[in-house]
Structures are given as C-alpha cells and as structure tokens.
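[1] fold the following for me, if possible:
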Amino acid sequence: MTKVKVLVVGGTGYIGKRIVKACLAQGHETYVLRRREIGLDIDKLQMLLSFKMEGARLVEGSFSDHHSLVEAVKLVDVVISAMSGVHFRSHNLLLQLKLVEAIKEAGNVKRFLPSEFGMDPARMGHALEPGRITFDEKMTVRKAIEEAQIPHTYIIANCFAGYFVGNLSQMVTLLPPKENVLLYGDANVKGCFMDEDDVATYAVKTIDDPRTLNKTINIRPPDNILSQRDLVEMWEKLTGKQLHKNTISANDFLAPLKDDGEYAHQVGIGHFYHIFYEGCLTNFEVKDDEEASKLYQEVEYTRMNDYLKRYL
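    Reported below is the predicted structural model:
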C-alpha cells in the first residue's frame with residue numbers, strides 16, 4: 001500500500017478527529033493544521049497534542065495568513081478538509097474557498113477531499129430553504145475546485161449514526177426514546193446510516209486510489225440501507241419493549257418552516273424531510289465503482305444493530 005503525506009484541516013472536529021486517526025491507522029504520514037486562532041480552547045489544544053503523541057505532525061497555519069496555508073499545503077500530497085458543515089454558512093464557505101486558493105497556488109496536491117461527508121449537494125438543487133444554502137455553498141466550493149483543476153474526491157457519507165440512529169431519528173434528542181417514538185409518514189422510506197469511524201476509514205481509503213480520482217464516492221453499504229421503521233424495530237427487539245408510535249404527515253412536519261424559528265432547527269427540518277419523506281439518500285442508483293463498501297470489501301463496517309447496542 002502506498003503511504004502518502006496527508007494534511008487534515010479541521011482535525012479537532014466531529015469527523016475531523018476520526019479522519020486523523022484513520023490516516024494514522026492506515027500508516028500515512030499525517031499532518032494536522034494547528035490554527036493560530038485556537039486561543040484558549042484547551043480541549044482542542046489537548047486533542048491536537050494527543051494526535052502528536054500518536055505520531056501526527058502539527059503544522060501552524062491561519063486562514064487570515066494565505067502564505068501560511070500555502071506553506072502547510074506544500075508539505076503534503078493530499079489535503080482533507082473536515083471543517084464543520086453544521087454551520088457551513090458564509091464563514092465556512094469563505095474558509096473553504098481560501099483553502100482551495102492555497103491548494104491552487106501550492107500546485108503540488110494530488111488529491112483534495114473538501115468538507116462534505118453528508119448528502120450529495122449535486123442532487124439537492126431542489127432542497128427546501130433555508131437548508132438549501134448548505135448544498136448551494138458546497139456546490140460553490142466544488143465549482144472552485146474544478147475550475148482550478150485540483151484533483152479531488154467528493155465523499156458522500158449519508159447519515160451519521162450518532163445523530164440519526166441512537167435516537168431512532170428523533171430530532172429533539174440524541175438518546176433513544178423510552179416510551180414514544182415519532183414516525184415520519186409511513187416510516188418505510190429507506191435511508192443510509194454510517195458509524196462515523198467507518199466514514200473516516202472509507203474516506204482515507206480513497207485518497208490514493210486512482211479509481212476514485214475526480215469522482216463522487218457514496219458510502220452506502222447494503223446492510224446499512226434501512227428505514228426509520230427498521231431502526232425502531234431493531235431497538236424494540238434489543239430492549240424487548242414496544243414503543244408507542246405516533247405518525248406525522250409531511251405537511252405537518254414542514255409546518256414549522258412557515259415560522260421564524262431558529263435557523264439550525266429549520267435546516268434540520270428540511271434535511272429530515274428530504275431523507276425520511278423523499279428518500280433522497282437512496283432514490284438513485286450508485287455504480288459499484290462509486291460505492292465505498294464495494295471498492296473496499298476488506299473494511300468490516302459497523303451494522304446498525306450492533307451500533308444500537310451501545311445505548312442499552
């Protein structure tokens with residue numbers, strides 16, 4: 001296996017810390033950007049120092065100092081951006097575009113993985129506002145990457161299990177419901193749910209694979225294509241307890257979008273609608289050479305029945 005030099009940007013984030021560990025586990029020479037703006041965030045600093053103890057190299061850089069970004073990029077063959085997409089609006093868009101500019105100027109990067117790891121923005125041009133801005137801005141980054149002719153791979157990871165599985169896809173909690181569960185429509189629309197560590201493993205597998213160059217790779221293993229009802233039934237079987245089921249129609253579910261609610265909540269409503277009513281994660285075919293579990297059959301990915309056991 002070829003070992004490459006990888007720079008992870010956003011390495012202390014939710015998916016970023018897992019990507020750092022996956023790079024190290026797969027034997028790559030791993031660099032993590034240590035931003036000068038870290039200030040007094042002791043948790044992030046200690047995480048960075050723990051990466052260093054595990055063999056990663058910390059590289060100082062700042063998005064307010066273009067030269068420092070270019071110099072950091074020049075050290076490596078591959079750049080992976082894992083900056084949070086939860087608040088991807090304008091600020092993070094600007095940071096991503098600055099990173100693209102640094103990669104373009106450095107001129108040495110053989111592969112760039114931008115901050116995606118969710119739904120495929122190229123398929124979400126019809127998405128509801130205000131959540132659509134997330135997809136539109138990711139497409140802006142893709143356009144900049146392709147115009148700069150930067151070799152790339154786009155990773156579509158679908159639903160992170162931590163946000164969608166342990167809570168049986170309830171929006172108001174991250175924990176399993178004890179008595180009542182809200183079902184979206186008939187709850188039979190299929191989604192895809194992934195252990196976040198597996199997402200990182202698959203993503204890092206692509207970075208030096210010629211089969212994934214300038215492609216969109218879906219992480220959509222067959223055993224993890226499940227409906228909300230499937231998740232609920234798994235949990236009921238594990239616990240031996242039936243939950244009381246309430247159903248909400250699409251119209252009622254979308255009603256809060258008419259109000260001036262919290263931005264993040266309204267984005268969540270739109271995303272949940274597209275996943276659980278529209279089936280946006282599974283209503284299209286993926287070729288075997290564009291699906292991670294087919295490309296990397298050696299990876300033993302986590303099935304959601306096993307994932308749920310941690311909540312018992």
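[2] could you pull out the helices for the stretch 1-150 of the chain?
    16-25, 42-53, 66-73, 91-106, 132-147 (DSSP state H, counting those that start in this stretch).
[3] okay, these, which one's buried deepest?
    Most buried of those by mean neighbour count (mean count of other C-beta atoms under 10 Å) is helix 16-25; its value is a mean of 23. All C-beta atoms are positioned from the backbone trio N, CA, C, and that covers glycine.
[4] and residue 243, what are its phi and psi?
    Dihedral pair for residue 243: phi -100, psi 150, per degrees, to the nearest 10.
[5] run through who's touching the helix or strand containing residue 267.
    Per DSSP states H and E, residue 267 falls inside helix 263-276. The set of residues external to helix 263-276 that reach it, using C-beta atoms under 8 Å, 6 or more residues apart in numbering, is 86-87, 119, 124, 127-132, 134, 159, 169, 171, 184-185, 187, 189, 191, 228, 250, 253-254, 256-257, 280-281.
[6] so what's the residue at minimal distance from the centre of the chain up against?
    Nearest to the geometric centre of the chain sits residue 117, at 2.6 Å (C-alpha atoms, centre = their mean). The contact partners of residue 117, taken as C-beta under 8 Å, 6+ apart, are 15, 82, 85, 155, 156, 157, 199, 203.
[7] same check, this time on residue 223
    Taking C-beta under 8 Å, 6+ apart as the test, what residue 223 contacts is 301, 303.
[8] what's the distance between it and residue 22?
    21 Å (C-beta to C-beta, to the nearest Å).
[9] ok so, going back, I'd like the mean pLDDT over the helix or strand following the helix holding residue 267, please.
    Next in sequence after helix 263-276, counting helices and strands by DSSP H and E, comes helix 292-295. For helix 292-295, mean pLDDT rounds to 98.
[10] how far out from the middle of the chain is helix 292-295?
    Distance of helix 292-295 from the chain centroid (C-alpha atoms, centre = their mean, to the nearest Å) equals 17 Å.
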